[in-house]
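Asker: what shape does this take:
(one chain, ligands or ions: 2)
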Amino acid sequence: MQRIIGPFTQILPLADMPLKGSVSDDALHIIPNGGVLVENGLIAGTGDFETLRKDRPKAEIEEIAGSQVLLPGFVDCHTHICFAGDRAKDYAMRIAGKSYLEIAKAGGGIWDSVTQTRQASETELVGLLKNRITRHLAEGVTTIEVKSGYGLNVEQELKQLRAVKQADQLSRADLVPTCLAAHIKPKDFTGPASAYLEYILNDLLPKVKNEGLARRIDIFIEDSAFNIDDAGHYLRAAKQMGFDITVHADQFTTGGSSVAVEVGAASADHLEASTDKEIKGLAASDTVAVALPGASLGLGIGFAPARKLLDAGACLAIASDWNPGSAPMGDLLLQASVLGAYEKLTTAETFAGLTYRAAKALNLIDRGSLQKGMLADMQAYSCADYREILYNQGKLKPARLWKNGSQLITDR
Ligand code: NIG
Ligand code: FE
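Answerer: Ligands and ions are numbered 1, 2, ... in the order given. Next up is the predicted model:
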């Protein structure tokens, strides 16, 4: 059965827009008084609402009252929302001026979240995930990447990934799991970092693959985590096993993004420390550059050079990095709005980074724009002009939201 949803004051289809580089707002190709034709959870077309209705007299009508602006659902291509506990103590120390080392010495940092997450059962993690997914859906996010990385041994990483799989089945959002067993070398592993990575390659990744728990892997390349040589070896071996690659790169020091480009990673994420050299490398590659403004806000550090990346020709996505340590807020639209204000991004660039460019970071070709054949993942804001969305800096939430064509949030 075909259904026409509308009329919307404006539809921003974000279709036929450039995959890489800067984008002006003229490229948005706004449809005024628009309608969307939906069939079997997919978009069958978009256009003028009255024309669609006249052309298809038998189609069911889902009437939209008042001024509403329609966008594709957001794709959050980088989160760590499978965690237990919190790190409010870390945050208090950080805003009081304590260093990374002082916080780690006081028992904080990633290892604290590993300890707290190891103590939680799989069922508890599913419950925590479901709450965070519900919040993300209410804020317009219909596809969510979720990393492991707070287990850091075979049994605990599998527990995290199984929780993500369950939560995916139980929730309306689509979850994209990523194995981040290479987050840091766990404190209880004896041996060098290279031996830990070998252990992950030999003992964990085959199980992840056989159980269908994740098709992508991630590594944190940084002085406090894994070095470039060990990471290069790990990533090439994982690629050989058939995994897609993403990298935590250039957060505090450079080097990670070059490895990401070299191994053909789908994305290189963070990039706060990237210089002109790294920007050039990313722009010349097919690796999506992912800015994580939530981590900059959580740590009180500068943003990734989003404007420079776009001007150089890179594909820029924007994700929340929602995690208990560096990015506890998790409000993707708020973070993207603030990034845009500081980095001088056009509305088109910010929306591209939250939708079809973020889908590219996850190698998903079926979402991120409103055009024929795409999933009917959509959100509508109560306003007459699309510019009001970023203007409200995250305080305007979607009034309606559809996943695979069915309405989950109605007239809020
Ligand atoms: O993306 N940089 C490394 N990993 C996370 C932080 C995770 C944590 O602090 O628990 C990040 O910011
Ligand atoms: Fe992260």
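Asker: measure Val126 to Leu362 for me?
Answerer: Using C-beta to C-beta, to the nearest Å, Val126 is found at 22 Å from Leu362. Placement of C-beta: from N, CA and C, glycine included.
Asker: neighbour-wise, which of those two wins?
Answerer: Leu362 (28 against 21; other C-beta atoms under 10 Å).
Asker: wait, what's in contact with that one?
Answerer: Val75, Cys77, Thr143, Glu145, Val176, Arg216, Ala266 (C-beta atoms under 8 Å, 6 or more residues apart in numbering).
Asker: what about 6 Å?
Answerer: Cys77, Glu145, Val176 (C-beta atoms under 6 Å, 6 or more residues apart in numbering).
Asker: which among those gets closest to Leu390?
Answerer: Using C-beta to C-beta, Cys77 comes nearest to Leu390 of those, at 19.1 Å.
Asker: the closest one: neighbouring residues, count only.
Answerer: 30.
Asker: show me what contacts it?
Answerer: Cys77 neighbours (C-beta under 6 Å, 6+ apart): Glu145, Ala317, Ala319, Ala358, Ala361, Leu362.
Asker: hmm, try it at 10 Å
Answerer: Taking C-beta atoms under 10 Å, 6 or more residues apart in numbering as the criterion, Cys77 is in contact with 143-145, 176, 178, 246, 266-267, 269, 288, 290, 292, 317-320, 353-354, 357-362, 364.
Asker: can you flag which of those belong to helices?
Answerer: Gly353, Leu354, Arg357, Ala358, Ala359, Lys360, Ala361 (DSSP state H).
Asker: tell me how far the second one lies from ligand 1.
Answerer: Read that as Leu354. Between Leu354 and ligand 1 the distance is 18 Å, computed by C-beta to the nearest ligand atom, to the nearest Å.
Asker: ditto for the fourth one
Answerer: Distance, Ala358 to ligand 1, using C-beta to the nearest ligand atom: 16 Å.
Asker: do the same with the fifth one
Answerer: Remark: distance between Ala359 and ligand 1 (C-beta to the nearest ligand atom) = 20 Å.
Asker: that residue reaches Ser267, doesn't it?
Answerer: No - assessed by C-beta atoms under 10 Å, Ala359 is found out of contact with Ser267, at 11.2 Å.
Asker: of those two, which one has the most company?
Answerer: Ser267 (29 against 25).
Asker: host element of the residue of the chain found nearest ligand 1?
Answerer: Of all residues in the chain, Gly325 sits closest to ligand 1, at 2.4 Å by C-beta to the nearest ligand atom. Counting by DSSP states H and E, there is no helix or strand that carries Gly325.
Asker: not counting its neighbours along the chain, what's nearest it?
Answerer: Arg87 (4.9 Å; C-beta to C-beta, 6 or more residues apart in numbering).
Asker: list the contacts for the one you found?
Answerer: Contacts of Arg87 by C-beta under 10 Å, 6+ apart are 93-94, 103, 108-110, 112-113, 116, 298, 323-326, 328.
Asker: how about the residues of the stretch 201-350 of the chain near ligand 1?
Answerer: The stretch 201-350 of the chain has residues Phe220, His248, Gln251, Ala295, Asp321, Asn323, Pro324, Gly325, Ser326, Ala327 near ligand 1, with proximity defined as C-beta under 6 Å from any ligand atom.
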